[in-house]
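Trainee: Coordinates for the following, if possible.
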Amino acid sequence: MITTFWLFLSIGCIGWYLVVLGYVAVKGAGDIKRMLAQLSSRNLPEN
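Mentor: Below you'll find the model as predicted:
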């Protein structure tokens, strides 16, 4: 009984971690893409 509780709790924690990891990866990739687009659109002075 107690083993089942810890099994479900562990699976739930790992699942929650994967959800948060996926969310951060998607949002971070979008931020990096936007940052690179802004950097490439700047007109840098030529020497």
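Trainee: Below-threshold pLDDT in the protein: ranges please.
Mentor: By pLDDT under 70, the low-scoring segments of the chain are 43-47.
Trainee: In it, mark out all the helices, start to finish.
Mentor: Taking DSSP state H, the helices of the chain run over residues 2-41.
Trainee: Around residue 27, count how many other residues there are.
Mentor: 10 (other Cβ atoms under 10 Å). Backbone N, C-alpha and C define where each C-beta goes, glycine included.
Trainee: For it, give its distance to residue 34.
Mentor: Here the criterion is Cβ to Cβ, to the nearest Å. By it, residue 27 lies 11 Å from residue 34.
Trainee: Also residue 21?
Mentor: Distance of residue 21 to residue 34, computed by Cβ to Cβ: 21 Å.
Trainee: ok now do residue 33, which residues does it touch?
Mentor: Residue 33 makes no contacts at all, as judged by Cβ atoms under 8 Å, 6 or more residues apart in numbering.
Trainee: measure residue 27 to residue 4 for me?
Mentor: Distance, residue 27 to residue 4, using Cβ to Cβ: 35 Å.
Trainee: Ok, residue 33 next?
Mentor: Applying Cβ to Cβ, the value for residue 33 to residue 4 is 44 Å.
Trainee: and if you look at residue 26?
Mentor: Going from residue 26 to residue 4 by Cβ to Cβ gives 33 Å.
Trainee: swap in residue 36?
Mentor: Separation of residue 36 from residue 4 (Cβ to Cβ): 48 Å.
Trainee: Likewise for residue 42?
Mentor: Residue 42 sits 58 Å away from residue 4, going by Cβ to Cβ.
Trainee: Likewise for residue 16?
Mentor: Distance from residue 16 to residue 4, counting by Cβ to Cβ: 19 Å.
Trainee: now residue 41
Mentor: Distance from residue 41 to residue 4, counting by Cβ to Cβ: 56 Å.
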